[in-house]
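Q: Here's a sequence, model it:
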Amino acid sequence: MQSLQTLDSKLSQIKLVVFDVDGVLTDGQLYYSESGETIKVFHVRDGVGLKLLSDMGIAVAIVTAKDSPMVAKRINELGIKHYFAGIKDKKEVVTNLAGDLSIPLSQVVFVGDDMVDVPAMLAVGVSICPSDAYEYVCKGVDHVAPIAGGKGVGRYVCDLILKSQNVYHKAYERSMKKEFERNRY
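A: Purely as a prediction, here's the structure:
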């Protein structure tokens with residue numbers, strides 16, 4: 001774990017933030033309907049944070065091992081352009097995306113919670129996990145958020161970055177304007 005001062009310094013340079021879904025933007029539990037459809041629950045605050053990052057010029061990506069129509073719908077609603085589902089090698093996707101966007105890996109954050117995320121987390125400049133991430137992950141990241149997955153950890157990470165880049169107040173001023181809630185599809 002890094003000191004908050006070191007973390008803040010690194011976050012001030014971030015240009016791309018990559019989020020896992022299950023266990024980060026959701027609580028990691030799988031709910032099944034009678035018809036066998038998997039249901040996922042997202043926290044509305046995370047969506048606001050992701051939109052704020054995008055609006056402030058910070059690229060946002062979602063990289064998930066599962067492919068779910070429900071996740072695709074949520075990502076579309078938020079207007080996230082970089083969505084990768086059914087991914088087994090997250091490190092490769094993150095490395096390629098950063099290259100395509102001409103962003104050094106040192107200016108990328110990866111937020112994950114389990115073993116499949118570790119290679120990508122080790123490849124980037126800053127790794128963050130929710131407070132309830134798998135123990136091995138918690139021991140190896142730069143920062144453990146004080147919030148559990150699915151409970152607003154995405155918003156917490158977004159706010160850390162916005163504050164470190166001195167655009168937090170500007171971002172929230174924009175969020176109170178009518179056009180913030182525009183369709184982003």
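Q: Packing partners of the helix or strand where Leu97 lies?
A: In this assignment (DSSP states H and E), Leu97 forms part of helix 90-100. Contacts defined by 3 or more CB pairs under 8 Å, 6 or more residues apart in numbering; DSSP states H and E place helix 90-100 against strand 16-19, strand 59-63, strand 82-84, strand 108-111, helix 118-123. Glycine gets a C-beta too; all of them are placed from N, C-alpha and C.
Q: How much space separates Leu122 from Gly112?
A: According to CB to CB, to the nearest Å, Leu122 stands 11 Å off from Gly112.
Q: Mind checking which of these two has more residues around it?
A: Gly112 (29 against 12; other CB atoms under 10 Å).
Q: Verify the stated contact: the more buried one with Val124.
A: No - if you go by CB atoms under 8 Å, Gly112 and Val124 don't touch, sitting 10.1 Å apart.
Q: and the angle for the helix holding Leu97 with strand 59-63?
A: Note on geometry: by axes from the mean of the first three to the mean of the last three CA atoms, to 10 degrees, helix 90-100 and strand 59-63 are set 150 degrees apart in direction.
Q: Looking at helix 90-100 now, give me its mean pLDDT.
A: Helix 90-100 comes out with an average pLDDT of 98.
Q: Just the CA atoms of that helix, as CSV, please.
A: Output of helix 90-100 as CSV, limited to C-alpha atoms (Å, rounded to 0.1, in the frame of the first residue of the first chain):
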residue,chain,number,x,y,z
LYS,A,90,-7.7,-8.3,-18.9
LYS,A,91,-4.0,-7.3,-18.9
GLU,A,92,-3.9,-7.7,-22.7
VAL,A,93,-7.1,-5.6,-23.2
VAL,A,94,-5.9,-2.9,-20.9
THR,A,95,-2.5,-2.7,-22.5
ASN,A,96,-3.9,-2.6,-26.0
LEU,A,97,-6.5,0.0,-25.0
ALA,A,98,-3.9,2.2,-23.4
GLY,A,99,-1.8,1.9,-26.5
ASP,A,100,-4.7,2.7,-28.8
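Q: Residues contacting it, please?
A: With CB atoms under 8 Å, 6 or more residues apart in numbering as the test, helix 90-100 has contacts from 16, 18, 20, 61, 63, 65, 82, 84, 87, 104-105, 107-108, 110, 112, 116-117, 119-120, 122-124.
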